[in-house]
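Enquirer: Coordinates only, no sequence provided:
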C-alpha cells in the first residue's frame with residue numbers, strides 16, 4: 001500500500017498507544033467471521049434436504065444471502081492477509097476505508113435478502129396489505145442504496161478525516177437497517193396478534209409463531225441498534241471494523257434459524273391432508289384444511305416417485321394441539337369454527353409454502 005511517510009507517522013502515533021483498541025476489533029472480527037460462517041454452514045446443511053418444501057422465492061433469497069455471505073467470508077480472510085501478512089508493520093492501512101468500504105457493496109445483498117424473507121411474511125400475514133408492501137420494499141431499497149453509497153463515498157477516505165457527506169451515509173445505513181427490521185417485526189407480530197380468536201388451540205399456535213418471529217428478528221435488530229448507536233456517536237470509532245465484518249452474518253443466522261424452525265415444527269407435528277383434496281371435499285377455497293392424524297394418502301406412482309400430495313403452507317402441522325379428532329371439531333359452534341379457519345389462514349400466510 002503506497003502512502004506518504006507523513007501519513008504513516010500520523011497513523012503510527014495514533015495506533016501505537018492503543019494497540020488493543022485499534023487492532024483488537026480486527027482480530028475479533030476475523031475470529032467472529034470464521035465462527036458465524038461455521039454456524040451458517042451448519043444451518044444450510046440442515047436446510048438443504050428440506051429446501052424442496054420452500055417456495056421458489058424463499059429458495060432464491062436464502063441462496064442469494066448464503067452466497068453473498070460466503071463471498072464476505074472469503075473477502076474478510078483476504079483483507080486480513082493483506083493487512084497482517086503482506087503489509088505487516090504498516091499502520092496506515094488500519095486507518096483507511098479502502099478495503100472496509102467494499103463491505104458496503106457485498107453485505108447489503110445479504111441484509112436485503114434477509115429483510116425480503118421477512119417482508120414476504122409481513123405482507124401475507126397482514127392479508128396482502130398494499131401499504132405494508134410499499135413501505136417494506138421502500139425500506140429494503142433504502143438499505144441497499146445506503147450500502148452502495150458507503151462503498152462509493154468511502155474511496156480514499158481515512159478514519160480521522162471523514163467528510164460530512166460520508167458521515168451522513170454512515171449514520172443513515174445502519175439506521176435504515178434498524179428501521180426496516182423494526183417495521184417488519186411489528187407488522188408480523190401485529191398480523192398474528194390480530195388473528196386471535198379466543199380458541200385455546202388456535203392461540204397456542206399464534207403464541208408459538210410470535211415467539212419464533214421474535215427469536216429470529218432479535219439478533220439482526222439488536223446488532224443494527226448497536227451499530228447505529230456506535231456509528232452515530234463516532235464515525236471514526238475503532239469498533240467499526242468489527243461491526244462491518246460481522247454485520248450481515250448475524251442477520252443471516254437469525255433468518256436461517258427461522259427457516260429451519262418451520263421444517264422442524266412440521267416434522268414434529270402431524271402431516272395434514274392434501275390442500276387440494278380438502279378444497280374439493282369442503283367446497284371452500286379460502287380456509288385451511290382439516291387436520292387428520294392419519295396424514296395424506298398417496299398413489300403408487302406418487303410413492304414410487306417419492307412425492308406425496310402437496311400440503312398447505314407450513315404452520316398447520318406445527319402444533320399437536322391442533323390435531324384433535326375431526327368429529328370433535330365438527331361439534332364446535334359454526335361461528336367459532338369460521339373464526340379459527342380465518343385465524344389459521346393467517347398462520348398459513350406467515351408460514352408460507354410454495355408447492356400448494
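Expert: Cool, got the structure. Model, not experiment: these values are computed from the prediction. Residues are numbered from 1 along each chain as shown.
Enquirer: Domains of the chain: list them as residue ranges, please.
Expert: As given by automatic domain parsing, the domain ranges for the chain are 33-268, 275-294+309-350.
Enquirer: Of those domains, which stretch is the most buried?
Expert: Stretch with highest mean neighbour count among these: domain 33-268 (a mean of 19; mean count of other CB atoms under 10 Å). For every residue, glycine as well, the C-beta is placed using N, CA and C.
Enquirer: ok so residue 236 is a helix residue?
Expert: No: according to DSSP: H, G, I helix; E, B strand; the rest coil, the state of residue 236 is coil, so it is not within a helix.
Enquirer: May I have the phi/psi pair for it?
Expert: phi -110, psi 20 (degrees, to the nearest 10).
Enquirer: what packs against the longest helix belonging to the chain?
Expert: Using DSSP state H, we find that the single longest helix of the chain is helix 200-233. Here helix 200-233 touches helix 103-125, helix 164-194, helix 240-268, helix 334-350, going by 3 or more CB pairs under 8 Å, 6 or more residues apart in numbering; DSSP states H and E.
Enquirer: Show me what the longest one is packed against.
Expert: What it means is helix 164-194. Counting by 3+ CB pairs under 8 Å, 6+ apart, helix 164-194 packs on helix 103-125, helix 130-153, helix 200-233, helix 334-350.
Enquirer: Please apply the same query to the first one.
Expert: Packing partners of helix 103-125 (3+ CB pairs under 8 Å, 6+ apart): helix 56-81, helix 130-153, helix 164-194, helix 200-233, helix 240-268, helix 334-350.
Enquirer: among those helices, which is nearest residue 118?
Expert: Closest approach to residue 118 among the helices and strands packed on helix 103-125 (CB to CB): helix 164-194, 4.3 Å.
Enquirer: Any chance of a markdown table for the helices and strands packed on helix 164-194, columns distance to residue 13 and mean pLDDT?
Expert: Listed next are those as a markdown table, based on distance: least, CB to CB, whole Å; pLDDT from 0 to 100:
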| stretch | distance to residue 13 | mean pLDDT |
| --- | --- | --- |
| helix 103-125 | 27 | 87 |
| helix 130-153 | 27 | 89 |
| helix 200-233 | 23 | 77 |
| helix 334-350 | 55 | 55 |
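Enquirer: any chance of the helices and strands packed on helix 103-125 in JSON lines, with distance to residue 95 too?
Expert: Below are the helices and strands packed on helix 103-125 laid out as JSON lines (distance: least, CB to CB, whole Å):
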{"stretch": "helix 56-81", "distance to residue 95": "14"}
{"stretch": "helix 130-153", "distance to residue 95": "17"}
{"stretch": "helix 164-194", "distance to residue 95": "14"}
{"stretch": "helix 200-233", "distance to residue 95": "17"}
{"stretch": "helix 240-268", "distance to residue 95": "11"}
{"stretch": "helix 334-350", "distance to residue 95": "46"}
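Enquirer: Residue 43: which of these is closest?
Expert: The nearest among these, by CB to CB, is helix 240-268 at 3.9 Å.
Enquirer: ok, now how distant is the nearest residue to residue 36 once chain neighbours are set aside from residue 186?
Expert: Excluding the flanking residues, the one nearest residue 36 by CB to CB, 6 or more residues apart in numbering is residue 249, at 3.8 Å. Separation of residue 249 from residue 186 (CB to CB, to the nearest Å): 24 Å.
Enquirer: Also residue 57?
Expert: Distance from residue 57 to residue 186, by CB to CB: 22 Å.
Enquirer: Of all the helices and strands in this structure, which has the lowest average confidence?
Expert: helix 275-282 (a mean of 41; mean pLDDT, DSSP states H and E).
Enquirer: now the helices and strands packed on helix 164-194 in JSON lines, with distance to residue 193?
Expert: As requested, the helices and strands packed on helix 164-194 are exported to JSON lines (distance: least, CB to CB, whole Å):
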{"stretch": "helix 103-125", "distance to residue 193": "10"}
{"stretch": "helix 130-153", "distance to residue 193": "14"}
{"stretch": "helix 200-233", "distance to residue 193": "7"}
{"stretch": "helix 334-350", "distance to residue 193": "10"}
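Enquirer: list the contacts for the closest residue to residue 254 other than its chain neighbours?
Expert: What sits nearest to residue 254 in space, not counting adjacent residues and going by CB to CB, 6+ apart, is residue 219, at 4.0 Å. Residues in contact with residue 219 (CB atoms under 8 Å, 6 or more residues apart in numbering) are 250, 251, 253, 254.
Enquirer: Dump the residues you listed into TSV; add distance to residue 49 as well.
Expert: Formatted as TSV, these follow (distance: CB to CB, whole Å):
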residue	distance to residue 49
250	25
251	23
253	19
254	21
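Enquirer: ok, the residues you listed vs residue 10, which is closest?
Expert: Of the contacts of residue 219, the one sitting nearest to residue 10 (CB to CB) turns out to be residue 250, at 33.3 Å.
Enquirer: nearest spatial neighbour of the closest one, skipping sequence neighbours?
Expert: The nearest residue in space to residue 250 (CB to CB, 6+ apart) is residue 223, at 4.7 Å.
Enquirer: Hmm, the one you found is touching residue 248, no?
Expert: No: with contacts counted by CB atoms under 8 Å, residue 223 stays clear of residue 248, the gap being 9.6 Å.
Enquirer: Surely residue 59 touches residue 51?
Expert: Yes: contact status for residue 59 versus residue 51: in contact at 5.6 Å, counting by CB under 8 Å.
Enquirer: Common neighbours of these two, please.
Expert: By CB under 8 Å, 6+ apart, no residue touches both residue 59 and residue 51.
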